[in-house]
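Sequence and computational prediction follow.
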Amino acid sequence: MFVWKEFVEKYVVPLKVLGNIIVSFFVGDPGAEVAKNLAIAASRVVEVATKVVGSVKEEFTAPSDPIECVRLFIEKAANTFLGVDEGGKYTLFTWSLRRITNEYFETLYFTLAKDDEKKSNVFRILGVEELFKPPIKSPISENLTVLGYPDYPPHSTIVSWGSRIKIRILPPQERTLGGAINRLIDAIVAVLARPGILSVAEPTVDVVSTYLKNIPQSPPELDEPCGMRVRWVEVPKLLSDYNEFERDYAWVIQGLELRCADAIYPDKEELIRNSTNILNFFRTTMPVIITGGADLLFTIEGRVIIPFIRVLP
């Protein structure tokens with residue numbers, strides 16, 4: 001428990017403090033808006049962490065010079081991004097558990113998976129739970145069960161069926177620490193795009209583009225038309241509570257079979273464009289999903305999966 005508390009105090013609290021300062025110094029600037037969003041995301045991490053790991057010290061002394069605050073803000077945002085510095089080790093681990101099958105979890109985190117007590121403790125702190133289980137009785141169902149956070153990406157529901165389905169994002173019943181950290185990462189990406197006043201700071205490395213270029217690339221199953229491409233800076237809007245969007249195609253689950261269909265109804269699908277099975281689908285897509293180059297939206301009806309690929313902001 002102590003390490004997560006330390007992470008929040010050392011890496012998240014400064015982002016909250018600096019973000020709020022930038023908002024007050026540069027009212028109306030585009031950079032102030034994304035700084036505000038990151039400060040809010042950081043506040044939510046602190047709030048959830050307090051409930052899970054106990055009180056968090058919110059102590060950080062910011063520079064008096066506004067421009068120095070901006071430079072430090074960008075530096076700390078970059079050093080908290082996935083895999084960068086010590087803070088990035090925490091965010092990368094948390095990020096990798098958004099959507100991960102049991103078999104990939106046991107392979108990627110072999111030592112943790114074999115220690116029931118430590119695994120249970122990590123899952124409890126971060127809020128990892130079972131999100132999807134293949135709707136069949138089979139020995140492989142357990143391996144293909146998808147773990148993750150119920151609040152990131154959140155669940156969705158289909159509000160209209162047919163040749164063009166409409167999907168609505170559902171508000172989570174409870175915020176998890178893992179989900180809050182992942183939303184923090186999304187907010188960091190928007191800050192590192194450096195709009196407005198944030199452009200006065202020039203990082204030596206573009207950590208976001210470097211990350212996306214070095215992770216596994218998305219297979220055809222996740223791309224258009226069966227999936228969709230979303231600019232990373234637009235992901236928070238896509239996943240916001242009650243947001244609705246339409247899709248011509250989506251993946252429909254029938255036992256172990258997956259069909260990419262153009263017309264989807266509660267009890268059938270028509271105009272099949274592609275088909276595969278859950279085993280091949282998850283084994284093919286999981287490397288890019290774990291690393292976050294892509295994600296999966298599950299509907300509460302249990303029949304439809306909507307993939308999306310993150311592209312550069």
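Everything's here; your move. What you see is a predicted model, and the numbers here were worked out from it, not measured in a lab. Numbering: from 1, shown residues only.

which residue ranges form the strands in the stretch 101-250 of the chain?
129-132, 146-148, 156-160, 165-169, 228-231, 244-247, 250-254 (DSSP state E, counting those that start in this stretch).

out of those strands, deepest packed?
Compared across the strands of the stretch 101-250 of the chain, strand 146-148 shows the largest average neighbour count, a mean of 23 (mean count of other CB atoms under 10 Å). The way it works is simple: take the backbone N, C-alpha and C, and place the C-beta from them, glycine included.

can you list the strands of the stretch 101-250 of the chain in TSV and add mean pLDDT and distance to residue 114?
Shown next, in TSV, are those (pLDDT from 0 to 100; distance: least, CB to CB, whole Å):
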stretch	mean pLDDT	distance to residue 114
strand 129-132	94	19
strand 146-148	97	16
strand 156-160	96	34
strand 165-169	97	36
strand 228-231	96	36
strand 244-247	96	40
strand 250-254	94	30
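
for stretch 293-302, the distance to its chain's centre please.
Centroid separation between stretch 293-302 and its chain, computed with CA atoms, centre = their mean, to the nearest Å, is 12 Å.

And the contacts of it?
98-99, 131-132, 135, 146, 153, 155-158, 167, 170, 212, 215-218, 222, 227, 253, 266, 285, 288-289, 304-310 (CB atoms under 8 Å, 6 or more residues apart in numbering).

go on, stretch 236-251?
Here stretch 236-251 has contacts from 37, 152-154, 159, 163-171, 183, 186-187, 190, 221, 225-226, 228, 230, 258-262, 264, 273, 281, 304-308, using CB under 8 Å, 6+ apart.

Quick one: low-confidence residue ranges for this protein.
For the chain, residues meeting the criterion pLDDT under 70 lie at 1-2, 313.

Quick test: name the residue nearest the centre of it.
When CA atoms, centre = their mean is applied to the chain, the residue found nearest the centroid is residue 182 (4.7 Å).

Report the separation between that one and residue 61.
28 Å (CB to CB, to the nearest Å).

Many thanks, I have nothing further to ask.
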